[in-house]
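>>> structure, please.
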Amino acid sequence: MNLQSVTLFGRELSPANLHALFFVGLAATALIWVIFALKRGDRLFQTVGLAVGVVTLFYLTSPFATDAARWWSASGIVCVGLVSLWLCRDRVWKPLFIATGIVIVLVGVLLTSNSVNLLSFENSLDNGLAFYLLSSLAWLVIQVVIPRTRGKQQAVQASGLAVVISLIMFIVAAVWWREAIDDYALPDTPVATTFAELESLRSAPVEDRRHGVFVAGLAGVPAKRGPDDSGAVDTLARHTGRVPGAAGRSDKFFPGEFELCLTDGTVLIVSGINSPRQAYNWPEGGPSGRQHFLRHGDPVVIWADPGSQAVPLGATRVVAYGSLENFRGDFLSDLIKTSRVISWVAILCMLVSVIPLVFGLRHLMSHHRVLN
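As a prediction, this is how the structure comes out:
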């Protein structure tokens, strides 16, 4: 049965009306859930929070959610999280679990946006994970180690540990911020469409191409076909998007090297990629419509580094389908937006890194006054 054939008051339901009807039903179900929980004497705050979270999750994963709505949702999550952290600030483990949940939820909200550049996000994960682990260690030092110190020597050791962790946190956040703002210069990356332009960039100073180069051309070399091969498909590479229930099964093929034909007819050898996040905007196809193919003769933009004579383009970062204009307008635009969000998060982390330093110095000074 086609749901769009269902009528409501004589009007045919469009996809937008179907989504609106779904969310109205979902909100009504959540409200009934809260009312029954209140009558049973359950914890109202946790029930309302869970119901709001479920409705928000369904909304953010729908095609009608906007980035502005995601910002408002993230702001609400942060406010509720800060209040929860303040109420249980005297505990040891509960605030740590709440903070972990907040981080996971905020990352989930971020990833529901189609404008997030997954490659930029993946490159920032190591710094983010390192800062999170250091923050957890700093919290344990503040809540467990510092209150249990006895004597001048233990006070100095505990305070010194807090100061050292604070400095390392600041360094990690500063490196994180520096790598994020470094992406702002990507639109100025040099472009090559002919072999002469690529040779000129190869001989240029390294500082002028520290982000690599963008090379536009045709992927592979289209094979000559006979009159009976009009329906043949020359697949150069492929990968399959995530499908519910297909966890652990990945159908992908990325050649270690492939050919790139420039506008002047020169054919180069390009090093391949190894992750679907490096394959941008590849056309969909296949029986399920979830496969993404790159075929011989497709227009592509390669983001790579000038290599050797054998492999003129090496260390390939991205293979993007389409023209250079589309690459700049879509991929680079999303990458810069994502990097801008990451840079602001890194700045916030630099401010957070001062907290262990303050606690360590305050403990040392208070202990010194007691001894005197």
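>>> and for residue 178, the neighbour number?
A count of nearby residues for residue 178, using other C-beta atoms under 10 Å, gives 12. Just so you know, the C-beta spots here come from the backbone N, C-alpha and C atoms, and that holds for glycine as well.
>>> how close does it get to residue 279?
According to C-beta to C-beta, to the nearest Å, residue 178 stands 28 Å off from residue 279.
>>> same check on residue 219?
Applying C-beta to C-beta to residue 219 and residue 279 gives a distance of 11 Å.
>>> which residues do those two both contact?
Common neighbours of residue 219 and residue 279, using C-beta atoms under 8 Å, 6 or more residues apart in numbering, are 294, 319.
>>> please enumerate the helices of the stretch 51-200 of the chain.
With DSSP state H, counting those that start in this stretch as the criterion, the stretch 51-200 of the chain has helices at 67-87, 94-111, 118-123, 125-140, 151-182, 195-202.
>>> sorry, that was for the stretch 251-372 of the chain
Applying DSSP H, counting those that start in this stretch to the stretch 251-372 of the chain gives helices spanning 324-326, 333-352, 354-371.
>>> got TSV for those, with distance to residue 141, mean pLDDT and mean neighbour count too?
Compiled in TSV, the helices of the stretch 251-372 of the chain are given as follows (distance: least, C-beta to C-beta, whole Å; pLDDT from 0 to 100; neighbours: other C-beta atoms under 10 Å):
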stretch	distance to residue 141	mean pLDDT	mean neighbour count
helix 324-326	50	88	14
helix 333-352	14	91	18
helix 354-371	7	76	16
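>>> out of the ones you listed, which is closest to residue 122?
Of all the helices of the stretch 251-372 of the chain, helix 333-352 sits nearest to residue 122, with 10.4 Å by C-beta to C-beta.
>>> which other residues reach that closest one?
Helix 333-352 is contacted by residues 110, 115-117, 119-121, 124, 127-128, 131, 135, 169-170, 172-174, 176-177, 180-181, 183-184, 186-187 when judged by C-beta under 8 Å, 6+ apart.
>>> hang on, the earlier thing: residue 77 is nearest to which of the helices of the stretch 251-372 of the chain?
Judged by C-beta to C-beta, the one of the helices of the stretch 251-372 of the chain that comes nearest to residue 77 is helix 333-352, at 14.0 Å.
>>> returning to what we had before: out of the helices of the stretch 251-372 of the chain, which gets nearest to residue 154?
helix 354-371 (8.9 Å).
>>> give me the contact list for that closest one.
So helix 354-371 is in contact with 138, 141-142, 146, 149, 152, 155-156, 158-163, 165-167, 169-170, going by C-beta under 8 Å, 6+ apart.
>>> now that we have those residues, which of them are buried?
Buried members of the contacts of helix 354-371, counted by 16 or more other C-beta atoms under 10 Å: 138, 141-142, 146, 149, 155-156, 158-159, 161-163, 165-166, 169-170.
>>> now the residue nearest to the spatial centre of the chain, nearest residue through space, not along the chain?
Closest residue to the average C-alpha location of the chain: residue 121 at 3.1 Å, with C-alpha atoms, centre = their mean. The shortest distance from residue 121 to any non-neighbouring residue, by C-beta to C-beta, 6 or more residues apart in numbering, is to residue 338 (6.0 Å).
>>> contacting residues around residue 193?
Residue 193 neighbours (C-beta under 8 Å, 6+ apart): 215, 216, 217, 262, 263, 264, 324.
>>> how does it look with 7 Å?
Contacts for residue 193 (C-beta atoms under 7 Å, 6 or more residues apart in numbering) come out as 216, 217, 262, 263.
>>> ok, now residue 270?
Applying C-beta under 7 Å, 6+ apart, the residues contacting residue 270 are 257, 258, 260, 302, 304, 313, 316.
>>> mind giving me the ChimeraX select for those residues, buried ones only?
The ChimeraX selection below is limited to those of the contacts of residue 270 classed as buried (16+ other C-beta under 10 Å):
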select :258,260,302,304,313,316
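>>> point out the least confident one among the contacts of residue 270.
Note: of these, the lowest pLDDT belongs to residue 313, at 81.
>>> bridging residues for that residue?
residue 270, residue 306 (DSSP bridges).
>>> isn't it right up against residue 301?
No. If you go by C-beta atoms under 7 Å, residue 313 and residue 301 don't touch, sitting 11.6 Å apart.
>>> what's the mean pLDDT across stretch 274-286?
82.
>>> show residues contacting it.
With contact meaning C-beta under 7 Å, 6+ apart, stretch 274-286 is reached by 118-119, 122, 239, 252, 254, 273, 291-294, 317-322, 330-331.
>>> give me the buried entries from those residues.
Looks like the contacts of stretch 274-286 have 118-119, 239, 254, 273, 291-294, 318-322, 330-331 buried, using 16+ other C-beta under 10 Å.
>>> picking that back up, export the contacts of residue 270 as CSV, with columns for distance to residue 89.
Putting the contacts of residue 270 into CSV (distance: C-beta to C-beta, whole Å) gives the following:
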residue, distance to residue 89
257, 56
258, 56
260, 57
302, 52
304, 50
313, 54
316, 48
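>>> helices and strands of the chain: which one bottoms out on pLDDT?
Within the chain, judged by mean pLDDT, DSSP states H and E, the helix or strand with the poorest mean is strand 7-8; its value is a mean of 42.
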